[in-house]
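J.: from the sequence below, what's the structure:
(2 chains)
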Amino acid sequence: SAVISQKPSRDICQRGTSLTIQCQVDSQVTMMFWYRQQPGQSLTLIATANQGSEATYESGFVIDKFPISRPNLTFSTLTVSNMSPEDSSIYLCSVLQTGLYGYTFGSGTRLTVV
Amino acid sequence: GENVEQHPSTLSVQEGDSAVIKCTYSDSASNYFPWYKQELGKRPQLIIDIRSNVGEKKDQRIAVTLNKTAKHFSLHITETQPEDSAVYFCAASTNSNYQLIWGAGTKLIIKP
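T.: Below you'll find the model as predicted:
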């Protein structure tokens, strides 16, 4: 399966600032997704990162708050903008490999906003 | 839209016994059903999956069954071991957008 490098692994940020999370895959993948997971809870899909075009956001998530880029088939970034303590969570990227059904996850970014 | 319900939320079993976790889905177009294991502080890891053209799949101590008519699928773990303790998530997806719809998770506790 694909190997995903997600950075940073954790960060503590001041409210009002922004953080960009990177997801690098070692092979071309069909689809890339960004999730948020609160401790002890299930995964919530933020958006599908589309290569070369605007991401597709789920209800409750907007581009101004969570801008996403995907310049090629192996790389994507998620920015958490104008952060507040409510944005404290674990953010995960996930990929679906070409021709396969398996979804693989990055190691996650633990974000704390103070 | 699709909805996936997962039960129970917590399951405690004696080491060596079997554990069963059940999920139901609402969208009859769903055709892919993975199960993920997530240990504390780690990423979800795929442990087994099944497609809609198969009724059962087994991998050593782990098996998944699918009932398309009733729209439910189950994870079966036999001869449970302490390292099976984790949170398990079921999910479902269709070919329309390949998004995974997740269950709420089951915390599995293996008692020594």
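J.: would you mind naming what in chain B lies close to chain A?
T.: Within chain B, the positions near chain A by CB under 8 Å from any CB of the partner chain are B:32, B:34, B:42-46, B:49, B:51, B:89, B:97-100, B:102-105. C-beta here means a position set from N, CA and C on the backbone, and glycine is covered the same way.
J.: in ChimeraX, how would I select the buried members of those?
T.: Listed next is the ChimeraX selection for buried residues among the residues of chain B next to chain A, using 16 or more other CB atoms under 10 Å in any protein chain shown:
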select /B:32,34,43,44,46,49,89,99,100,102,103,105
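J.: now intersect the residues of chain B next to chain A with the helices, please.
T.: Assigned to helices by DSSP state H, none of the residues of chain B next to chain A qualify.
J.: report the contact partners of residue A:48.
T.: Going by CB atoms under 8 Å, 6 or more residues apart in numbering or on different chains, residue A:48 touches A:31, A:32, A:33, A:55, A:56, B:97, B:99.
J.: ok, residue A:61 next?
T.: Contacts of residue A:61 by CB under 8 Å, 6+ apart are A:46, A:47.
J.: and for the one 10 residues further on?
T.: Residues counted as contacts of residue A:71 (CB under 8 Å, 6+ apart) are A:51, A:52.
J.: got it, and residue A:106?
T.: By CB under 8 Å, 6+ apart, the neighbours of residue A:106 are A:4, A:5, A:6, A:23, A:92, A:93, A:94, B:43.
J.: ok, and the closest non-adjacent residue to it?
T.: Nearest residue to residue A:106, sequence neighbours excluded (CB to CB, 6 or more residues apart in numbering or on different chains): residue A:6, at 3.2 Å.
J.: just to revisit the earlier point, now, the residues of chain B next to chain A that are in strands?
T.: B:32, B:34, B:45, B:46, B:49, B:51, B:89, B:102 (DSSP state E).
J.: most widely separated two among those residues?
T.: The most widely separated members of these, counting by CB to CB, are B:45 and B:51 (19.2 Å).
J.: in chain B, which spans are strands?
T.: Under DSSP E, chain B gives strands at B:4-7, B:10-14, B:19-25, B:32-38, B:45-51, B:56-59, B:62-67, B:72-77, B:86-92, B:101-102, B:106-111.
J.: deepest in the core, which of these is it.
T.: The highest mean neighbour count among the strands of chain B, using mean count of other CB atoms under 10 Å in any protein chain shown, belongs to strand B:86-92: a mean of 24.
J.: who's the residue most central in space within chain A bridged to?
T.: Central residue of chain A (CA atoms, centre = their mean): residue A:34, 3.4 Å from the mean position. Beta bridges link residue A:34 to residue A:47, residue A:93 when assigned by DSSP bridges.
J.: show residues contacting the helix or strand hosting residue A:79.
T.: If you go by DSSP states H and E, residue A:79 is part of strand A:75-80. Contacts with strand A:75-80, where a contact means CB under 8 Å, 6+ apart, come from A:18-25, A:32, A:34, A:46, A:49, A:65-70, A:87, A:91, A:93, A:111.
J.: try it again with 7 Å
T.: A:18-24, A:32, A:34, A:49, A:66-70, A:87, A:91, A:93, A:111 (CB atoms under 7 Å, 6 or more residues apart in numbering or on different chains).
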